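[1] No sequence on hand, only this structure:
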DNA sequence: CTGAAAGCGCTTACAG
DNA sequence: CTGAAAGCGCTTACAG
């Protein structure tokens, strides 16, 4: 390692025949430097190939222009899009984004928060709102802005940019119930440490309760968010003695897996069983049958998260963003249950019988 | 903004009754501090809630422990996995990774490189090898390690961690030719500014040339890497007066799109036309028909890239990594062309006729 | 094993 | 508009 002569701001000042302070100003607020000097300085910078030292700048100015983003995963086509939208938007304001993956593990997440705090990030992007309060304490102690995405919870509403997962799940349930379904299964993410998954389940549960229905405990399966897990869960659900007529998936990869497994098992979707997704990713409309699901505008969420963070960074007073609207997208993976009962009443009674038999076990 | 009293290393030193230097050592090389003092210091750190200032540390030590990664995209399920693998591996060595997206645009990439250089990243992860030499000059001027992924080119072989795209494409072609295909179309990425796409096309071209075959210019379609673009391109290709019997896709999303479009057009794959992918992502085995493709071990590539960078960071001498092996995965999207000719000769003659007719036009 | 001191390369009031 | 000077919060030879 030969000693590299890094050229510094002082070198530029010397070469341009001005003071270091002026060079600094020339870089940061060009307008405040006389045009003639500015040109001399720019020339010197060019000639010497000067590259400002971000660490020194950060130390002196107390700004790193770096945003830390902690995502549950980058490998499931769910977070990549929004993250890219976020980085594009915030990047155009001059910020760099550093990413870390928590793998849906709150302990890993805490470590990453800590690291970012040490790195002096100017802001933080997190997914979900539920985590050890101590983490929020640390963040707030450093006084750095943060935004919580994928939820519109009310615990820290002011920081939430996302949609109402529970309400979205309810849309799905209401639609299915109107179709005549009375017997439901659900393939969910892990509820305990994932407030998005929890909210979706809660939405399902509450909407069903309004109709005197419920997901039997053994028909609620919690699985990692990937198609293979969805396959297995679907297989289990339909192999039960009294299978559901509709299966709600808490995430779209689960639904893809369910559809693939159905094909392998020769189960007709939606003839035998209805299946719904959640998110409306690109595959939803292409897969067969095309998936009934709820659309979550994730790109918009990413951009809005960036703008919300930017506003805080500018020192604006925090105003709670309004939840991003979700929309029910009805396609071909859902239909009335068999036997087809045009009368809602008879269908209801039929389902009631099944449901009570089930809940009695 | 009230003035936050950030607690510094000096505060800790005072509280623990030692010198700042000792606190610093205690944090960075605990073994070099007497146990008794170490405990006092740790207590003080805990009590004061001290968080080291990364910028100051970086300035003084000339190390940021940050790696810059510039990816063409994060939104196409292609780069997320490898990136996550990379970050996990390099993160466990104490590095943070910052990401930026170039959107397959070399100008954007150059800006991001520049930004990362200013940020004093300790290392750089790039995709592909072909870019303005001036960029390499800047990187090397700062003397920071870098790794080029997704290729195993020989221009800067020592820095390349990836697979041989051309060879992988050749595997596919040889298989298709052995099946009896003589008339090929290709849906490719944009070749000019993407050396991975270029290498794949080159592999196709060279392999075909060995058999006296070629892709007619109008049957080589360059498209963005998404399923919809693949759909359109497929439609165009099969609507030509003399459509190919086999379509090679330079990326898997293209192939998915082709398969979906084929279904909509009522074209039988592989009965009417054979289709191949490239990468073997999870969908390849689930889609129908399951896709014949070539597997590129991307997770392994991510990890190896991290290790290769880490080795440089440790100051080890650079040794050219060996290319990562790709494997042909034969599934159901490929078959001999119609009319089914069990005799290779007759098939060949038939195809020859078509080919020369084509190339004469 | 520990401390005093210099220095990393900028920015930013403060004066002019 | 510009400069001299202090300071951001650490690390690291150097001495002991």
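    That came through fine. If you're wondering where the values come from, they're calculated on a predicted model, not measured in any experiment. Numbers count the residues shown, from 1 in each chain, chains lettered A, B, ... in the order given.

[2] and the residue nearest the centre of chain A, what are its phi and psi?
    Chain A has residue A:150 as the residue nearest its centroid, 4.4 Å off, counting by CA atoms, centre = their mean. Dihedral pair for residue A:150: phi 70, psi 0, per degrees, to the nearest 10.

[3] My read is that it contacts residue A:127, right?
    Yes: Residue A:150 is in contact with residue A:127 according to CB atoms under 8 Å; the separation is 5.1 Å. Yep, even glycine has a C-beta here, placed from its N, CA and C like the rest.

[4] which residues are common contacts for these two?
    Common neighbours of residue A:150 and residue A:127 are listed as residue A:196 (criterion: CB atoms under 8 Å, 6 or more residues apart in numbering or on different chains).

[5] where do the strands sit along chain A?
    Secondary structure of chain A by DSSP state E: the strands cover A:66-71, A:96-101, A:123-127, A:146-149, A:160-161, A:184-188, A:220-222, A:246-249, A:274-276, A:293-295, A:327-329.

[6] Report whether the fourth one contacts chain B.
    No: contact between strand A:146-149 and chain B, assessed by CB under 8 Å from any CB of the partner chain, is absent, since the two come no nearer than 15.2 Å.

[7] So which elements touch that strand?
    Judged by 3 or more CB pairs under 8 Å, 6 or more residues apart in numbering or on different chains; DSSP states H and E, strand A:146-149 is in contact with strand A:123-127, strand A:160-161, helix A:298-313.

[8] Now the ones you listed in TSV, please, with extra columns for distance to residue B:192.
    Formatted as TSV, these follow (distance: least, CB to CB, whole Å):
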stretch	distance to residue B:192
strand A:123-127	35
strand A:160-161	38
helix A:298-313	28
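
[9] Dump the ones you listed to a markdown table, plus mean neighbour count and mean pLDDT.
    Putting these into a markdown table (neighbours: other CB atoms under 10 Å in any protein chain shown; pLDDT from 0 to 100) gives the following:
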| stretch | mean neighbour count | mean pLDDT |
| --- | --- | --- |
| strand A:123-127 | 26 | 97 |
| strand A:160-161 | 26 | 96 |
| helix A:298-313 | 21 | 96 |
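
[10] Distance check, whichever residue of the stretch 151-300 of chain A sits closest to DNA strand D against DNA strand C.
    Closest to DNA strand D within the stretch 151-300 of chain A is residue A:159: 25.6 Å, counting by CB to the nearest atom of the strand. Here the distance between residue A:159 and DNA strand C works out to 26 Å (CB to the nearest atom of the strand, to the nearest Å).

[11] What of residue A:234?
    Residue A:234 is 57 Å from DNA strand C, where distance means CB to the nearest atom of the strand.

[12] ok, back up a step: nearest to residue B:256, of the strands of chain A?
    strand A:293-295 (18.2 Å; CB to CB).

[13] And the helices in the stretch 1-150 of chain A, which stretches?
    A:9-16, A:20-28, A:35-48, A:54-61, A:80-91, A:106-118, A:133-142 (DSSP state H, counting those that start in this stretch).

[14] Deepest in the core, which of these is it.
    Ranked by mean neighbour count, the helices of the stretch 1-150 of chain A are led by helix A:80-91 with a mean of 24 (mean count of other CB atoms under 10 Å in any protein chain shown).

[15] among the strands of chain A, which is the most enclosed?
    For the strands of chain A, the largest average neighbour count (mean count of other CB under 10 Å) is found in strand A:246-249, namely a mean of 30.
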